[in-house]
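Asker: kindly generate the corresponding structure for this input.
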Amino acid sequence: MQCSSPARRIQRILLAFVILAVFAALPAQSQKFTVTPPSITFDNETVGLQSTSQVVEVKNTGKTPVTINSFTLSPFAVFQLDYGYAPQTLDEGQGASFAIKFVPDVAQKFTGQMTISIAGQTSPSVVSLKGTGILTEAKATVTPAEIGFPNQNLGTTNSQTITVKNVGNSPMNLIAVVAEPPFSVSGYTTTVEIDPQKSFSFQVGFTPIAESEYTNTLSLTFDVVPDQSVSLSGTGILNVSKGVTARLTSTTFPTLPAGTEEAAYLAALTTIGGNAPVTWRLSKGSKLPAGLSLSSSGSITGTLASSVNADNYSFSAQVSDSSKPPQTLTLPLVLPVGAATGAKCNEITWDIAGTNELLVPLNELGTGTYFGAEGGLYPNGSNTMPPAQDSAGLALAQAIQPLNADGNPDPNGIYTLLSVGVSITHTVFDQFIASENSDPAKNSHLVLVNGAIDGSDGPDWLSPQSGTWLSILNYFLPYQNVSAKQVVAAWVMMPHSNNTGTFPDDMLPQETDLIAVLQDLHTLFPNLKLAYVDGMQYGGYSNPPNLEGVPTYPEPYSYESGFAVQSVIANQIDGNADLNFNPSNGPVMAPWLSWGPYNWANGMSANNGLTWPCQDYASDGLHPSVPAGRNAYAGLLVTFFKTDDTTMPWFLAPQ
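Answerer: All right, here's what the predicted structure looks like:
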């Protein structure tokens with residue numbers, strides 16, 4: 001056996017040290033991740049508009065955690081972040097999504113990049129970005145800009161004409177017109193091309209179903225010019241002479257909630273006036289889609305047969321009261337049917353586990369209880385805010401005024417309503433912004449900023465230093481030329497996906513998270529005075545497993561999330577120091593709190609006229625569908641912010 005020379009042994013020892021040093025210096029090399037795609041080329045986009053978002057995904061394909069330290073986008077104002085945040089750590093198999101949109105400010109070709117810094121990597125990952133801004137000579141006018149319908153008897157319809165004119169020199173397309181009940185659109189069904197100096201007209205109708213004042217917005221979407229809106233309002237009345245029984249009157253909107261192919265269905269036809277009981281039947285010659293039937297009490301139930309295709313089905317129903325001779329009404333109705341969405345579309349209602357007792361919305365539960373928890377939006381089973389809380393909120397609302405970037409009063413300044421929350425919050429507020437940015441009824445000083453982030457969950461917002469807040473401060477506010485000191489109000493929908501199926505224990509982390517988020521709002525936005533908080537909408541169609549990494553909020557958890565909101569607001573009303581908003585009572589820790597629009601209804605079982613048919617949901621049964629679900633939810637926000645006494649002083653334009 002030949003022995004190694006001393007020189008050879010020294011060489012081997014040195015080589016071993018080198019190898020050890022290399023491995024010691026490369027712990028990050030054991031990390032495995034992908035960044036896809038390597039490049040994005042956006043379709044040509046009109047200057048002043050924004051493209052559909054494209055997603056960059058960072059995925060951990062190894063066994064050890066991967067931490068995204070930070071990211072940048074350039075040019076800053078042209079390639080904009082739609083959602084995403086850093087820092088965040090990805091465990092094995094996890095991914096993080098960053099949605100980017102192209103917002104050209106001039107007509108030219110743009111090149112840019114997204115750089116992503118990963119902990120332990122000596123150089124960032126780079127995604128190249130390209131897009132071309134183009135000009136259009138089309139220009140749209142919409143008249144009238146506001147419609148106030150005269151007082152309208154319940155169950156009857158009044159229509160007015162909207163005219164869209166292309167006053168430019170190149171064609172444009174009107175690609176969507178949306179109104180939410182009790183407003184409706186007729187004369188528009190699909191994309192309409194409008195040539196230069198030509199017009200297109202359609203009708204907007206008002207069919208009130210309750211004695212109430214209604215306010216909403218008609219949204220018009222174009223392909224190459226900015227979206228526009230028409231402010232809508234009207235009042236439903238019931239003319240009754242003193243001492244005379246009201247005539248039998250329909251309180252059913254003529255277009256029923258949408259059904260889904262081969263899925264269960266439920267709709268309730270309703271009336272007021274006349275002499276009870278009333279009896280329903282189909283009009284002679286009318287028929288429902290196969291599989292459905294109309295009961296004498298006015299319920300349309302059943303499961304749509306496989307032969308029923310996606311379409312609008314028209315029929316008439318008759319209702320008679322018990323007067324002698326009976327009063328009789330004939331109602332022309334439309335039942336839309338959509339294709340199967342992939343969600344659990346048969347779950348049209350939800351009951352309490354182990355019973356046949358349906359979940360009752362908080363605003364209908366009142367002093368009733370759910371597993372010992374009292375209903376109502378506010379304390380003592382009430383849906384009315386206590387007078388002291390309302391007065392305090394109104395005083396804060398009336399004091400809101402335009403601010404400069406330093407947060408000082410400035411008649412030429414602005415103020416901001418910020419959304420904060422998860423992907424559902426983001427989706428809904430995007431549609432709300434699209435509707436309200438061109439609404440002539442909105443105050444011109446008000447800037448709407450969507451700070452909600454897809455893929456986030458309640459725990460991702462707990463610290464003021466969290467990446468979610470950094471995205472708001474470093475991207476979403478600057479895109480709108482807004483500073484943190486100009487934010488005065490927030491809409492918060494921040495569920496926590498900790499779902500063990502135990503009530504009320506599941507709500508405790510949600511309450512804790514919500515309090516932390518509200519305190520972060522106060523810390524980060526020193527002039528924020530008002531926060532409007534919501535729970536989840538109906539979650540019965542939820543179809544787990546969802547997309548990778550996306551939280552789920554099935555029933556009854558979505559329903560129960562309302563109790564967490566209820567509890568946090570009640571704690572502030574009761575004087576909890578952690579939620580104090582009044583400097584006279586000690587250190588201010590949070591903004592003044594109120595419910596936003598209570599959005600939970602038991603599927604197709606109506607809650608004050610609100611239903612959530614499966615057609616309002618995407619395939620996961622969680623996110624609002626485009627356009628139906630987005631428009632329905634955003635419509636609730638529009639009505640709320642235009643009618644609440646603590647929002648009208650700053651949301652609406654001065655009269």
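Asker: my read is that L462 contacts P509, right?
Answerer: No: counting by CB atoms under 8 Å, P509 is not a contact partner of L462; they are 10.4 Å apart. C-betas here are computed from N, CA, C, even on glycine.
Asker: got the domain boundaries for this structure?
Answerer: 32-134, 140-237, 249-338, 380-651 (automatic domain parsing).
Asker: highest mean neighbour count out of the ones you listed?
Answerer: domain 380-651 (a mean of 20; mean count of other CB atoms under 10 Å).
Asker: kindly check the end-to-end length of that one for me.
Answerer: Distance across domain 380-651, first residue to last, is 30 Å (CA to CA, to the nearest Å).
Asker: check stretch 117-132 too.
Answerer: Stretch 117-132 end-to-end distance (CA to CA) = 27 Å.
Asker: mutual contacts of L462 and P509, please.
Answerer: Common contacts of L462 and P509 (CB atoms under 8 Å, 6 or more residues apart in numbering): none found.
Asker: rebuild the domains of the chain as JSON lines, extending it with distance to E357.
Answerer: Output for those, formatted as JSON lines (distance: least, CB to CB, whole Å):
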{"stretch": "domain 32-134", "distance to E357": "39"}
{"stretch": "domain 140-237", "distance to E357": "27"}
{"stretch": "domain 249-338", "distance to E357": "16"}
{"stretch": "domain 380-651", "distance to E357": "11"}
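Asker: compare those domains and give me the one nearest L358.
Answerer: domain 380-651 (5.7 Å; CB to CB).
Asker: which helices and strands does the helix or strand where S293 lies pack with?
Answerer: Using DSSP states H and E, S293 sits within strand 292-294. Counting contacts by 3 or more CB pairs under 8 Å, 6 or more residues apart in numbering; DSSP states H and E, strand 292-294 is packed against strand 279-282, strand 299-303.
Asker: now render the domains of the chain as a markdown table, adding mean pLDDT and distance to N346.
Answerer: Below are those laid out as a markdown table (pLDDT from 0 to 100; distance: least, CB to CB, whole Å):
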| stretch | mean pLDDT | distance to N346 |
| --- | --- | --- |
| domain 32-134 | 97 | 31 |
| domain 140-237 | 96 | 24 |
| domain 249-338 | 96 | 5 |
| domain 380-651 | 94 | 8 |
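Asker: which one of these lies nearest to T369?
Answerer: Proximity to T369 (CB to CB) singles out domain 380-651 among those, at 9.1 Å.
Asker: so how far is L637 from N599?
Answerer: Distance from N599 to L637, counting by CB to CB, to the nearest Å: 9 Å.
Asker: apologies, that question was intended for L282.
Answerer: On the measure of CB to CB, L282 and L637 end up 37 Å apart.
Asker: what do you get for G291?
Answerer: To L637, G291 is 35 Å away according to CB to CB.
Asker: also V517?
Answerer: 19 Å.
Asker: also L462?
Answerer: Distance of L462 to L637, computed by CB to CB: 25 Å.
Asker: could you do I453 as well?
Answerer: Distance of I453 to L637, computed by CB to CB: 18 Å.
Asker: surely S471 and L81 touch.
Answerer: Yes: shown here, S471 and L81 form a contact pair, counting by CB under 8 Å, at 6.5 Å.
Asker: check contacts around W592.
Answerer: W592 neighbours (CB under 8 Å, 6+ apart): 389, 392-393, 396, 529-531, 572, 581.
Asker: and for F110?
Answerer: By CB under 8 Å, 6+ apart, the contact list for F110 reads 75, 78-79, 102, 104, 129-133.
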